[in-house]
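*Asks:* below is the structure, and that's it, no one-letter string:
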């Protein structure tokens, strides 16, 4: 049995909450119709902040309002750093034209409605004349996750988090739901939902890379 050490010698890059919703119109298709990530960052080199990154047309090189591709945030400097260093390296987002073309909008307010985590959780962001809602429903049990650099989304960082899978989810912009339904994928060596809550998520640069 491998010995576990109580203190990770690596560098904490950022920590917070990072739930996601990836939707398909058909479970058999190989592409997503909607990609969305929410961020509540409590620690980073650029301070704290919130964001909703929404690609309602991931392969379309246009931003809001011509296409539902946008990021709404109250800390643009922090989020530009996270998008560049993390999101652009995640397999689901690599090469997506909508990611480069998305509009950057200012966020005026963030409203969390946790309720009973077993049934429903939502985040609502408002700003720049736009309201974004992300809704997760029918959650499974908490799953503790530890991911090595080799297996992480960026292939550069270790990642620690607590995941709760959602059976159903929605992304809504100004009252209009974006297309698709929750599907399943291979993730962390198991079949998991493409909609999930991610709490206490922490990204660490390993000691050998410092």
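*Replies:* Right, received. Where do you want to start? The structure presented is a predicted model; accordingly, all values stated were derived computationally and were not measured.
*Asks:* what about the longest strand anywhere in the chain, distance to the chain center?
*Replies:* In the chain, taking DSSP state E as the definition, the longest strand is strand 158-173. Its chain's C-alpha centre lies 7 Å from the corresponding centre of strand 158-173 when counted by CA atoms, centre = their mean, to the nearest Å.
*Asks:* now swap in stretch 143-158 and tell me
*Replies:* Taking CA atoms, centre = their mean, one finds stretch 143-158 lying 15 Å from the centre of the chain it belongs to.
*Asks:* next one: stretch 43-51
*Replies:* With CA atoms, centre = their mean, you get 15 Å for stretch 43-51.
*Asks:* ditto for stretch 119-131
*Replies:* 14 Å.
*Asks:* same check, this time on stretch 12-21
*Replies:* 7 Å.
*Asks:* pairing partners for the longest strand of the chain, with directions?
*Replies:* Applying DSSP bridges to the sheet, strand 158-173 is found paired with strand 130-139 (antiparallel), strand 143-147 (antiparallel), strand 176-177 (antiparallel), strand 195-205 (antiparallel).
*Asks:* what comes into contact with the first one?
*Replies:* Okay, so that is strand 130-139. Residues external to strand 130-139 that are found in contact with it (CB atoms under 8 Å, 6 or more residues apart in numbering): 19, 21, 36, 38, 52, 54, 64, 70, 72, 105, 117-126, 164-175, 195-197. (C-beta placed from N, C-alpha, C; glycine too.)
*Asks:* one more time with 6 Å
*Replies:* The contact list for strand 130-139, computed with CB atoms under 6 Å, 6 or more residues apart in numbering, reads 36, 38, 52, 72, 117-118, 120-125, 164, 166-174, 195, 197.
*Asks:* now do the helix or strand bottoming out on mean pLDDT in the chain: everything it contacts.
*Replies:* In the chain, no helix or strand scores lower on mean pLDDT, DSSP states H and E than strand 184-187, which sits at a mean of 82. Strand 184-187 is contacted by residues 191, 194 when judged by CB under 6 Å, 6+ apart.
*Asks:* which is the next helix or strand following that strand?
*Replies:* Going down the chain from strand 184-187, the next helix or strand is strand 190-193, by DSSP states H and E.
*Asks:* that next one - what's its average pLDDT?
*Replies:* Strand 190-193 comes out with an average pLDDT of 87.
*Asks:* returning to what we had before: go through the strands paired with strand 158-173 and name the closest to residue 15.
*Replies:* With CB to CB as the measure, strand 195-205 is the member of the strands paired with strand 158-173 nearest residue 15 (4.1 Å).
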